[in-house]
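Participant: sequence and computational prediction follow.
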Amino acid sequence: LKILSHPACWSYPKEAVDMYGVDMRINCVGTGPFRVKTIKESETVILERNPDYWEKDQYGNQLPYLDGIKFSFIKEKKAELLEFRKGNLDMVYRLPLEMIKDVVGELEDAKKGGNKPYVMQVVPAMSVVYLGMQNKLPPFDNIDVRKAFNYAIDKNSIVTYTLQGDGRPGIHGIVPPFKGYDYEGVKGYVYNPALAKEHMKKAGYENGKGFPEITLQINSGGGDRNVQIAEVVQKMLHENLGIKINIEQLQFPQHLDNLETGKALFWRSGWIADYPDPENFLNLLYGKHVPKDLATNSYLNSVRYQSDAFDAKFNEALREVDEAKRYELFKQADQIAVDDAAILPVFYDENTRLIQVYVKNFPSNAMEYRDMTAVYFDKEGE
């Protein structure tokens, strides 16, 4: 049932597909509270109220309340926040890292008697950001190298200082905070330079001697976060392991192609839940996705991690119908992958929004699904 909630499982009118084909994405047909009015790619999407929408509120008033919605695509987060502060935007998602302190400070000042400038909504996201390591190729085919990297990264420091508190340290498994799932019960890697050095020595690279110079590949987009985190990781690995890491930023299509083809050894990656289930994350490590031939593309499991123990526990969980038992089996699979240092979780993301004080009834959620059916403006009572 959870999989059926994914947009790929939604039903579409056949006649619309027949008429528009791939252009249906800009000639949308649906029965939701709003309908598409205009689309200017990479600039704006304007929705208008659907007068034929079926739902009413508890008092019998027709929904939605808003006449329409305008989505603006502003590339620079600083410029976006400036437009919000000017009152030209009613909501912004995610803040520039260097401005989080200022925003939080303004809200704290308001508690002391000032006017509240806006509302901040923060909820844990079903999202993990991690560093992938090509498990089938040296040096990452050595479990001690993978463990050394995990111990050498101070994830608490990254969240506190680089992300300005916008996230949770990746000191557990690949599955992020999740209702009903004991993600904290998965014991991951806490920063420990001494253990990092010990594992590097065990791998044959004492003090980094003989370790190859490798590249950390990151994708463009994501504001400044990707670059800033990569630079911190680069510094920590040099200071704690004595190794040299280069950074290469690629456009997302090329970045993804390098992961799937096995060209990348070490890279930044992330996963946002397609549907609310731990399986959606652990599926990234399922061994059956890995081709026998290294030259063949490996989709989903781009790190090419394979473990009979993990696969057995994962399959057992898939067959289990009791959710509590199922989640426990998934947790055990998660722990197996952590013990093998299959990946390097950096942080679990958060969904952060700023909304104007007059915006009412705008619910937040871990999937960042934006339901504006019952949103309304109250500028008199702000």
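Facilitator: In hand now; what should we look at?
Participant: which parts of the top strand by length along the chain are buried?
Facilitator: The single longest strand within the chain, with elements called by DSSP state E, is strand 119-133. Residues 119, 123-133 are the ones in strand 119-133 that count as buried (16 or more other Cβ atoms under 10 Å). All C-beta atoms are positioned from the backbone trio N, CA, C, and that covers glycine.
Participant: equivalent analysis for stretch 350-370, please.
Facilitator: For stretch 350-370, by 16+ other Cβ under 10 Å, it's 350-356, 358-360, 362, 364, 366-368.
Participant: show me those that map onto helices.
Facilitator: Members of the buried residues of stretch 350-370 lying in helices (criterion: DSSP state H): none.
Participant: now, among the residues you listed, which is nearest to residue 377?
Facilitator: Nearest to residue 377, judged by Cβ to Cβ, of the buried residues of stretch 350-370 is residue 358 at 5.1 Å.
Participant: any chance you could list what contacts the host helix or strand of residue 78?
Facilitator: Element membership for residue 78, per DSSP states H and E: helix 77-85. Contact with helix 77-85 is made by 72, 74, 89, 91-92, 94-96, 99, 103, 117-118, 223-224, 354, 356, as judged by Cβ atoms under 8 Å, 6 or more residues apart in numbering.
Participant: now do stretch 197-215
Facilitator: Contacts for stretch 197-215 (Cβ under 8 Å, 6+ apart): 138-139, 142, 144-145, 147-148, 151, 240-248, 265-266.
Participant: now, of those, which are buried?
Facilitator: Burial by neighbour count, judged by 16+ other Cβ under 10 Å, picks out 139, 142, 144-145, 147-148, 151, 240-241, 243, 245, 265-266 from those.
Participant: which ones among those residues map onto helices?
Facilitator: Filtering these for helices - DSSP H - leaves 144-145, 147-148, 151, 240-241.
Participant: now do the helices for the protein: every range, in order, please.
Facilitator: Residue ranges of the helices in the chain, as given by DSSP H, are 14-20, 77-85, 100-111, 143-152, 155-157, 193-202, 225-241, 252-261, 279-282, 308-319, 323-339.
Participant: confidence-wise, which of these is weakest overall?
Facilitator: For those, mean pLDDT drops lowest on helix 100-111, to a mean of 75.
Participant: contact partners of stretch 138-149?
Facilitator: Here stretch 138-149 has contacts from 131, 133-135, 189, 195-200, 202-203, 205, 211-212, 214, 237, 241, 265-266, 340-342, 344, using Cβ under 8 Å, 6+ apart.
Participant: my bad, stretch 247-264
Facilitator: Residues from elsewhere that reach stretch 247-264, judged by Cβ under 8 Å, 6+ apart: 132, 134, 136-137, 215-221, 226-227, 230-231, 234, 267, 269, 294-295, 297-299, 302, 304.
Participant: and the buried ones among these, selectable in PyMOL?
Facilitator: Buried residues within these, by 16+ other Cβ under 10 Å, are selected in PyMOL with:
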select buried, resi 132+134+216+217+218+219+226+230+234+267+269+298+302+304
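Participant: quick one: which of the contacts of stretch 247-264 sit in strands?
Facilitator: Of the positions in these, 132, 215-219, 267, 269 sit in strands, assigned by DSSP E.
Participant: and stretch 302-314, how far apart are its ends?
Facilitator: Stretch 302-314 stretches 18 Å from its first residue to its last (Cα to Cα, to the nearest Å).
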